[in-house]
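Trainee: curious how this folds, go ahead:
(2 chains)
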2 protein chains.
Amino acid sequence: MRKNYLLTPGPTSVPSDVLLELAKPIVHHRTPQFAEIFHSVSEGLKYVFQTKNDVLVFASSGTGAMEASVVNLLSPGDKVLTIKGGKFGERWDEICKAYNIETFPIDVEWGKPVNPDDVRNILEKEKGIKAVFATLTETSTAVVHDIKTLGSIVKEFPAVLVVDAVSGLGAVDIQTDNWNVDVVVAGSQKALMLPPGLAFASVSNKAWDLAENSKCPKYYWNFAKARKSLKTDQTPYTPAVSLVVGLSKSLEMIKEEGLENVLARHSKLAKATRAAVGAMGLELFAPQSPSDAVTAIKVPEGIDGVGLVKTLKKKYDVMITGGQAQLKGKIIRIAHMGYSDTFDIIIVISALEMALVSLGYNLELGNGIKAAEEVLK
Amino acid sequence: MRKNYLLTPGPTSVPSDVLLELAKPIVHHRTPQFAEIFHSVSEGLKYVFQTKNDVLVFASSGTGAMEASVVNLLSPGDKVLTIKGGKFGERWDEICKAYNIETFPIDVEWGKPVNPDDVRNILEKEKGIKAVFATLTETSTAVVHDIKTLGSIVKEFPAVLVVDAVSGLGAVDIQTDNWNVDVVVAGSQKALMLPPGLAFASVSNKAWDLAENSKCPKYYWNFAKARKSLKTDQTPYTPAVSLVVGLSKSLEMIKEEGLENVLARHSKLAKATRAAVGAMGLELFAPQSPSDAVTAIKVPEGIDGVGLVKTLKKKYDVMITGGQAQLKGKIIRIAHMGYSDTFDIIIVISALEMALVSLGYNLELGNGIKAAEEVLK
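Mentor: Numbering: from 1, shown residues only, chains lettered A, B, ... in the order given. Presented below is the predicted three-dimensional model:
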């Protein structure tokens, strides 16, 4: 008998109560019964997005809603600012280029947050920038960007602020309306505690105005069609019914706990993880602005980073992830996002202590746990 | 206690064994464990598609894979032939136009199959047509088009043949390789017995050659990236893991029954339905070329078509669908697709007999059932 522990930054673990919803007989989507479920899901999404804007729902992974934001807001030849600094920040740049949109990238060092002044400077210098593409939690580096400050800057310009909150929404605070974020993109398989397959985009009035002049070609991703269908609690094309039914349950769980408490829980789990990292003599990869959704840790000198992740999986059935692209073998990433509590942190730190010792790292067993418990108690 | 019976042309009923797979704990997609599942799914899809071509998998509804086919094969300004004649045939035309592709539509009368000679004539007259977009089962009219003959015609030209088999694949024969069909698009929520949320596209060498020169913008739908990921049994973006796991089970069920037997079962159920229709004094909407996936029946004079569907649902918990667009209120559609057997037909015919009589239609109860039993026995 072996239990599996999933602590990766997406997909994340799904609560049994949500899994059981996925196993319910299929509801036909063009029925009052489904419309009622979809209506409650729409309201629940607004609550988690902290917005009065419509939240559009797509059957796709998060990348689909990122592409949807680009093709609905812009036209070929438009100028945009992209904030890179990780695999997902770079994705904004790639998508824009695929549509012949001219990008002005800020190439943030991986592991650092963007300096908001750099955004202001480019917006002042390059007249006519239509959109700023940012990331809430950059999953590849575990950095959280300062979206609140970015919002206060971008709102002074004609540009809209579009934020990839796929990793982050529901784990890290993002006050869509208060912070003037025009489009927030999210996915189902992170803090929303669902399997992958649903993507979301909230759209502000400023963004709808921009969308009116968009000339990028689109069909499946059409925001205007999605908004029209939403008026009758429907989607233009067949929705991923079982995932929507599951989402209704997970949103109910979030509402019951209260978003404020959900965010506080994530903050505490992240703090405990970071305390354990320090107590084990390890270093954070992104100490300046670490996300509360995921923690990235530098692989210590002399330890094989890929082997460390494998040891955790093979010996302890604890699944975390290593680094992507240039960070392969150099960092490990532990998610504490969505359906995570005190003992998920205890488990992963315990497994990490034992695995590191077995790989020859000099460490006193229990030190990391002690530091985590000091925070979690 | 009331049992629900879902006999709509998508979503269709999902077997309990598949539903239970959806409720299993999430597998991380970047693991050998998922790659193994995805590999068996890829092989299973090739079996059902009757092809040696790669079958690409997208997290989206079927429309997504239709759009993917357009944007991967073509460039703005290209000429294509579209076969209309129903809501989904028209969708091909709409998607192509959204990408500034010049369409030469054949406007088939709703309820009739396309005349293959019309396709030949246009291909001969209009030089340089790059693709022909067709539909296997047109869900809105219950017509099955003669894809075999279309394949034998199109192969003589430089154009590729792209077939929307969303409703149809696994219910109606489509021999992708033998019939020279270059791209076959399908979805999870029809004869593949899954919830909606996965879409598929098989791609021939002729189609890959055409794709090399495609200039339509694309990111999420990129075929080349999907093919590259498939080599390591992965997808470029996070797959809809739980649906893939469910698909693995439903494909296993199809293999166990044998595709030939699956198709023969659909054929028998469809024949029984059509026999019952005749015995009840009703008329088929598409008698010339009725699909084995779904049957469309004309609403008899003096009966309210919308009310008939509602009566079936409210009084008997049997869900069928009415007509779409200009056929609203004029036809009813009964699906016998996917997880359907003898008694699904008996149930829906029985419910239809009782509902029609309650609405004042002159009918001897049991006549439809008798005719169906003659076929099913």
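
Trainee: rest of the way, CA atoms for contacts and neighbours
Mentor: Noted.

Trainee: can I see the domain layout of chain A?
Mentor: A:5-10+A:258-376, A:16-256 (automatic domain parsing).

Trainee: just those: most buried one?
Mentor: Of the domains of chain A, the one with the most neighbours on average (mean count of other Cα atoms under 10 Å in any protein chain shown) is domain A:16-256, at a mean of 22.

Trainee: and chain B, is it touching that?
Mentor: Yes - contact of domain A:16-256 with chain B (Cα under 8 Å from any Cα of the partner chain) involves A:16, A:19-29, A:58-61, A:63-64, A:67, A:95, A:98-99, A:195-197, A:217-220, A:237-242.

Trainee: from one end of that domain to the other, what's the distance?
Mentor: 16 Å (Cα to Cα, to the nearest Å).

Trainee: what mean pLDDT does that domain get?
Mentor: Domain A:16-256 shows a mean pLDDT of 98.

Trainee: all helices of the stretch 1-150 of chain A, in order?
Mentor: Secondary structure of the stretch 1-150 of chain A, counting by DSSP state H, counting those that start in this stretch: helices at A:16-22, A:32-49, A:62-73, A:87-98, A:116-125, A:147-154.

Trainee: tell me which of the ones you listed sits nearest to B:Phe157.
Mentor: Relative to B:Phe157, the nearest member of the helices of the stretch 1-150 of chain A by Cα to Cα is helix A:87-98, separated by 30.8 Å.

Trainee: chain center to that closest one, what's the gap?
Mentor: Helix A:87-98 has its C-alpha centroid displaced from the chain centroid by 16 Å (Cα atoms, centre = their mean, to the nearest Å).

Trainee: stretch A:65-84 now?
Mentor: 19 Å.

Trainee: and the strands in chain A?
Mentor: Along chain A, the segments classed as strands by DSSP state E run A:5-6, A:55-59, A:79-83, A:102-106, A:129-135, A:137-138, A:143-144, A:160-164, A:183-187, A:198-203, A:294-298, A:318-319, A:321-322, A:331-335.

Trainee: closest to B:Val277 out of the helices of the stretch 1-150 of chain A?
Mentor: Per Cα to Cα, nearest to B:Val277 of those: helix A:32-49, 28.7 Å.

Trainee: contact partners for the nearest residue to A:Glu252 once chain neighbours are set aside?
Mentor: The spatial neighbour of A:Glu252 that comes closest, neighbours along the chain excluded (Cα to Cα, 6 or more residues apart in numbering or on different chains), is A:Gly44 at 7.5 Å. Each residue near A:Gly44 by Cα atoms under 8 Å, 6 or more residues apart in numbering or on different chains is listed here: A:Ser248, A:Leu251, A:Glu252, A:Lys255.

Trainee: any idea how far the first one is from A:Ile346?
Mentor: Read that as A:Ser248. 30 Å.

Trainee: identify the residues contacting the nearest residue to A:Lys87 once chain neighbours are set aside.
Mentor: Ranked by Cα to Cα, 6+ apart and with sequence neighbours excluded, the top spatial neighbour of A:Lys87 is A:Ser140, at 5.9 Å. Each residue near A:Ser140 by Cα under 8 Å, 6+ apart is listed here: A:Gly86, A:Lys87, A:Phe88, A:Gly323, A:Gln324.

Trainee: most centrally placed residue in chain A?
Mentor: Nearest to the geometric centre of chain A sits A:Ser167, at 1.1 Å (Cα atoms, centre = their mean).

Trainee: picking up where we left off before, can you lay out the strands of chain A as a markdown table showing distance to B:Gly305?
Mentor: Converted to a markdown table, those look like this (distance: least, Cα to Cα, whole Å):
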| stretch | distance to B:Gly305 |
| --- | --- |
| strand A:5-6 | 51 |
| strand A:55-59 | 31 |
| strand A:79-83 | 52 |
| strand A:102-106 | 53 |
| strand A:129-135 | 49 |
| strand A:137-138 | 52 |
| strand A:143-144 | 56 |
| strand A:160-164 | 46 |
| strand A:183-187 | 40 |
| strand A:198-203 | 35 |
| strand A:294-298 | 55 |
| strand A:318-319 | 55 |
| strand A:321-322 | 56 |
| strand A:331-335 | 54 |
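
Trainee: of all those strands, which lies closest to B:Val163?
Mentor: Closest among those, using Cα to Cα: strand A:55-59, at 21.7 Å.

Trainee: quick one: strands adjacent to the closest one?
Mentor: Within its sheet, strand A:55-59 is paired with strand A:198-203 (antiparallel), according to DSSP bridges.

Trainee: give me the residue from the stretch 251-377 of chain A nearest chain B.
Mentor: The nearest approach of the stretch 251-377 of chain A to chain B comes at A:Met319, 8.6 Å away (Cα to the nearest Cα).

Trainee: so what's that residue bridging to?
Mentor: A:Leu6.

Trainee: surely it touches A:Lys3?
Mentor: No - applying Cα atoms under 8 Å, one finds A:Met319 not in contact with A:Lys3, separated by 11.1 Å.
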